[in-house]
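Asks: here is my input; please provide its structure:
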Amino acid sequence: MAYTAEDRQKVRSAYVFECLSFEQVAQFTDIPVQTVRRWAKQARDKGDDWDRLRDAHLISGGGADNAARAGITGLMVLIRSTIDRLNNDEKLSPIDAAKAIASVTDSLHKVTSASKKLLPEVSELVTAMEVIQELSEYIQTKHKNALPLFVEILPEFGAHIEEKYGGQS
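Replies: Numbers count the residues shown, from 1 in each chain. Model prediction:
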């Protein structure tokens, strides 16, 4: 499908200035996520790095607090989309699904740990994510038969944790 320059600008603005993920931009604009990713890569190759612009916009708009919040929010979106993909992939073993979940929660843990000084409320989220990660590892090693149920309920529970401890202002 042919898209206009206006379509590209709308995608760029949603990503850079509204801090939406590529998946959210795709939903918002009805443009496939693959196209959104391709446009961002093409722009970066030409010197228009959407990620750097986004970071600069966040920092100039509200300081490091906003950048830290955006990083955490972006990772929460990644975790949620990863879990959604895992739930829809019938070929994926529960052990591989749990490993993928542990990987993205580990990334979130690292980012939130680094952000504690900027955002005191992140400390609660870090603790909650550590507990989820520990539970994931425990189930993987001690109760493998419970992995499918764990993977099934994690998206709803993750949303609950994000709402309760996500530091929304």
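Asks: contacts, neighbours, all on C-alpha from now
Replies: Noted.
Asks: low-confidence ranges, this protein, go.
Replies: 56-75, 111-126, 166-169 (pLDDT under 70).
Asks: now the helices: where do they sit in it?
Replies: 5-16, 22-29, 33-45, 50-88, 94-115, 122-142, 147-165 (DSSP state H).
Asks: could you check the angle helix 5-16 makes with the shortest one?
Replies: Helix 22-29 and helix 5-16 meet at an angle of 140 degrees, taking axes from the mean of the first three to the mean of the last three CA atoms, to 10 degrees as the criterion.
Asks: ok and helix 22-29 relative to helix 33-45, angle-wise?
Replies: Using the same axes, to 10 degrees: helix 22-29 against helix 33-45 is 110 degrees.
Asks: how distant is helix 22-29 from the center of its chain?
Replies: 13 Å (CA atoms, centre = their mean, to the nearest Å).
Asks: which parts of that helix are buried?
Replies: Buried residues in helix 22-29, counting neighbours by 16 or more other CA atoms under 10 Å, are found at 22-23, 25-26.
Asks: just these now: which is nearest Tyr138?
Replies: Ranked by distance to Tyr138 (CA to CA), the buried residues of helix 22-29 are led by Glu23 at 31.2 Å.
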